[in-house]
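In: fold the following.
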Amino acid sequence: MLKRGLLIFLLILPIVVAQTENYNDKTDLTIQYTSNGEINLQGSNGFDYLKTQLYLFPKTSQRQEVLSLTTNPPSDIGTDQIIYTWNSFQPNLEYSLTSQIKTKNQIYPVAHESFPIQNLDQEYEKYLEAGEIIDITPEIVNKASQLIGGETDLYTAVHKIAEWVNEGVEYDLNTVTADAALKSSWVLQNGEGVCDEITSLFISLLRSVGVPARFVSGIAYSNLNYGFENHGWAEVYFPNQGWVPYDVTFTQFGWIDPGHVTLSRSLDAGQTSVKYSWKSKNTELISSNFENNVQIVSEGQKIQLPFDMQIKVLVNEVGPGSYVPIQVIIENPYDKYLSDTISITKAPSLPLGGNQKTALLKPSQEKSIFFIVQVSDDLDSGYTYTSQIEAKDLIGKTKSTNLKFSSNDDTIKKSQAQEMISKLEEKEDKSYSEEISLNCNQEKKYYYDFEEPKVICEVKNIGNTFLTNVEICLEEDCQTKDLKIGVKELITFENVEKKSKLTATVKKDSIDLLSEISLKILQEPDLIITGFQVPKELDYNTEFNISFVLSSDAIVKDIKINIPGLKPLTSEKTQKAQTIIISANSKKFISENVEVKITYKDEYDREFEIKKQAEIKINNLPWHAKIMAFFKKLF
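Out: Model prediction:
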């Protein structure tokens with residue numbers, strides 16, 4: 001009965017954790033599983049036999065392979081149970097199982113399925129029935145209907161229920177719920193439970209609206225105690241896809257990490273793990289004990305992360321007590337539904353409403369998740385503070401950015417931060433459609449202010465209906481197209497207005513799609529010198545390096561690098577950023593100034609010049625160098 005903890009590191013203070021946080025980012029795990037049982041008997045008169053039926057043991061499935069399984073004493077190994085049999089009386093009986101399992105880190109993208117489910121195969125109808133623990137009451141039916149009312153997609157309906165259970169039921173390992181599983185109806189009424197009960201309520205809610213689901217008993221790794229313990233989660237049936245795992249307690253929707261080992265599946269929770277039966281005249285079972293042990297044999301490679309992720313501070317350089325909106329953008333690479341969970345793991349404070357949020361990702365969708373963090377209102381004047389903001393997704397991918405704040409900057413109110421997020425959310429609602437995809441880009445990476453920009457929009461019908469008279473616009477310039485199913489159309493807009501942000505739209509009946517295009521307009525090439533490095537202090541006649549980076553999006557050529565006292569250099573820039581390293585001797589810089597002048601041409605043969613300089617102190621000058629330095633400073 002486990003819960004998984006989430007860590008948030010405040011500011012950028014280093015925290016050392018010796019134990020493994022989780023195995024979410026591993027392709028697979030090889031696990032050694034051992035279970036041991038003990039039975040104490042009394043009374044041997046007329047003893048015939050004793051049987052032990054073990055229901056909890058590793059089983060091969062889509063995400064789990066049983067590499068080996070042995071028992072002692074030898075037993076009858078079936079599909080759903082292992083039977084140990086003793087035909088002679090012994091006061092103390094022992095039995096064991098040793099198995100090696102390989103668990104896989106498997107992603108489950110799910111295609112659109114209509115909801116409610118129609119024409120469900122008869123073999124899955126039993127997974128809609130109420131159980132003793134997984135019960136279905138009018139209150140459960142009403143809650144489920146309230147959560148998914150009007151929903152037409154199955155994956156979205158399941159996600160909404162999972163999200164509500166995860167957020168609405170408190171994990172509480174107390175004496176009331178820990179010793180014996182309580183009914184789903186009790187959990188709904190009291191709003192608390194352990195993993196088995198949280199999972200049971202999730203299954204009850206699904207079954208009440210016609211979605212097949214089953215209970216999974218097993219073991220799982222948790223960072224609360226940095227080890228494996230008994231755990232329960234669910235599997236949900238999607239027609240044309242099969243069974244998909246959901247661990248609502250761990251906030252793993254449509255996916256579970258390889259630290260989960262499945263031991264049994266059942267219609268109801270609270271199923272017995274071991275059952276004893278015997279035939280004798282006066283034998284009594286005094287006591288029994290069953291325990292398991294888990295060890296990781298080997299770990300797989302780091303998983304190839306499926307999601308592309310970005311993080312942005314929506315307003316930077318803020319004042320004391322500011323509420324700062326953070327945007328995390330995730331891109332779904334599949335043309336199917338997926339879920340992810342985003343956590344803020346480094347920030348100046350715990351985000352409002354918690355540091356973790358789930359994300360339902362529609363096919364090929366770019367989705368934004370927003371957080372608000374607050375900076376301290378007690379800032380010393382004259383200082384600028386920097387805090388790292390880091391986000392991590394469920395698989396373990398991290399992205400970070402920096403937030404700067406000082407007592408001299410303007411304070412952002414909570415209402416201002418919320419308004420910024422609200423506007424972006426409203427815009428994002430119009431940036432995705434299940435019927436049409438829209439992707440617009442400028443033809444070139446940049447344009448000069450004397451050039452005529454051109455924007456090309458790629459429009460595709462991704463639905464299952466032929467669409468006629470679809471209106472595609474860039475600002476006020478509109479074109480009309482018929483879109484065939486699955487066919488990509490390229491639409492060119494010429495003589496585009498020269499401004500940094502343009503908006504493209506697609507409209508057809510209830511479809512109202514929007515895409516923003518960023519134009520880069522230059523007056524001259526954007527070549528800059530960064531990372532200019534020279535030693536601060538050197539002895540006379542010492543060899544050293546002058547280094548810097550030339551970077552630009554614009555094409556530049558015929559680059560000439562001039563540093564007084566050194567031989568001029570020429571260079572060709574072949575990439576966006578290029579490192580330049582120049583060898584020099586300190587005796588050439590007795591004026592204690594290093595200046596680099598760069599002349600170059602753009603693609604139209606226009607000439608430009610940029611400069612950069614730094615001070616350098618030269619020690620131990622000989623007398624003649626001191627005289628030269630004196631006159632250089634005069635002139």
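In: C-alpha from now on. contacts and neighbour counts both.
Out: Will do.
In: mind showing which ranges of the stretch 151-300 of the chain have poor pLDDT?
Out: Residue ranges of the stretch 151-300 of the chain with pLDDT under 70: 173-180.
In: try it again at 90.
Out: Within the stretch 151-300 of the chain, the stretches with pLDDT under 90 are 151-153, 168-182, 191-196, 222-227, 229, 270-273, 278, 280-292.
In: what sits up against stretch 98-107?
Out: The contact list for stretch 98-107 (C-alpha atoms under 8 Å, 6 or more residues apart in numbering) reads 24, 26-35, 58, 63-71, 254-261, 303.
In: one more pass at 6 Å, please.
Out: 27-34, 63-70, 257-258 (C-alpha atoms under 6 Å, 6 or more residues apart in numbering).
In: for stretch 368-383, same thing?
Out: 320-329, 348-349, 351-352, 407.
In: quick one: the strands in the stretch 351-500 of the chain, in order.
Out: Using DSSP state E, counting those that start in this stretch, the strands of the stretch 351-500 of the chain run over residues 356-361, 366-374, 384-393, 398-406, 436-442, 447-448, 455-461, 467-474, 477-483, 488-493.
In: what's the neighbour count on the nearest residue to residue 320 once chain neighbours are set aside?
Out: Nearest residue to residue 320, sequence neighbours excluded (C-alpha to C-alpha, 6 or more residues apart in numbering): residue 377, at 4.2 Å. Look at residue 377: counted by other C-alpha atoms under 10 Å, it has 13 neighbours.
In: do the same with residue 184
Out: For residue 184, the neighbour count with other C-alpha under 10 Å is 29.
In: any idea how far it is from residue 273?
Out: 20 Å (C-alpha to C-alpha, to the nearest Å).
In: residue 624: helix or strand, and which one exactly?
Out: Assessed by DSSP states H and E, residue 624 sits inside helix 623-634.
In: swap that for residue 158, sorry
Out: Applying DSSP H and E as the criterion places residue 158 in helix 154-168.
In: kindly report the same for residue 83.
Out: For residue 83, the host element (DSSP H and E) is strand 82-86.
In: go through that strand and flag the buried ones.
Out: 82-85 (16 or more other C-alpha atoms under 10 Å).
In: tell me the one of those residues nearest residue 534?
Out: Ranking the buried residues of strand 82-86 by separation from residue 534, with C-alpha to C-alpha as the measure, puts residue 82 on top at 73.8 Å.
In: got the contact list for the closest one?
Out: Residues near residue 82 by C-alpha under 6 Å, 6+ apart: 53-54, 76.
In: in the sheet, who's paired with residue 485?
Out: Residue 485 has the following beta-bridge partners by DSSP bridges: residue 461.
In: tell me how far residue 304 lies from residue 366.
Out: Distance, residue 304 to residue 366, using C-alpha to C-alpha: 19 Å.
In: measure residue 515 to residue 422 for me?
Out: Distance from residue 515 to residue 422, counting by C-alpha to C-alpha: 17 Å.
In: what about these two, which has more around it?
Out: The residue with more neighbours, out of residue 515 and residue 422, is residue 515; 21 against 13, by other C-alpha under 10 Å.
In: per-residue confidence for that one?
Out: Looking at residue 515, its pLDDT is 82.
In: next, the buried residues of stretch 292-302.
Out: Result for stretch 292-302 [16+ other C-alpha under 10 Å]: buried residues 292, 294, 299-300.
In: from those, pick the one nearest residue 203.
Out: Of these, the one sitting nearest to residue 203 (C-alpha to C-alpha) turns out to be residue 292, at 26.5 Å.
In: who does the closest one bridge with?
Out: Bridge pairing for residue 292 - DSSP bridges - gives residue 35.
In: surely it meets residue 38?
Out: No: with contact defined as C-alpha atoms under 6 Å, residue 292 does not reach residue 38; the gap is 11.9 Å.
In: for the residue nearest the centre of the chain, list each beta-bridge partner.
Out: By C-alpha atoms, centre = their mean, the chain has its centre lying nearest to residue 393, at 2.0 Å. Note on residue 393: beta-bridge partners by DSSP bridges are residue 342.
In: repeat that for residue 51.
Out: On the basis of DSSP bridges, residue 51 takes part in beta bridges with residue 85, residue 277.
In: isn't it up against residue 279?
Out: No: checked against C-alpha under 6 Å, the pair residue 51 and residue 279 is beyond contact range at 9.1 Å.
In: how much space between residue 232 and residue 133?
Out: 13 Å.
In: of those two, which one has the most company?
Out: Per other C-alpha under 10 Å, whichever of residue 232 and residue 133 has more neighbours is residue 232, with 28 against 22.
In: next, the more buried one: phi, psi?
Out: In this entry, residue 232 is assigned phi and psi values of phi -130, psi 140 (degrees, to the nearest 10).
In: more crowded one of residue 304 and residue 366?
Out: Taking other C-alpha under 10 Å, residue 304 and residue 366 do not tie; residue 366 has more neighbours (18 against 11).
In: residue contacts, the more buried one?
Out: Residues near residue 366 by C-alpha under 6 Å, 6+ apart: 330-331.
In: recalculate using a threshold of 7 Å.
Out: Residue 366 makes contact with 329-332, according to C-alpha atoms under 7 Å, 6 or more residues apart in numbering.
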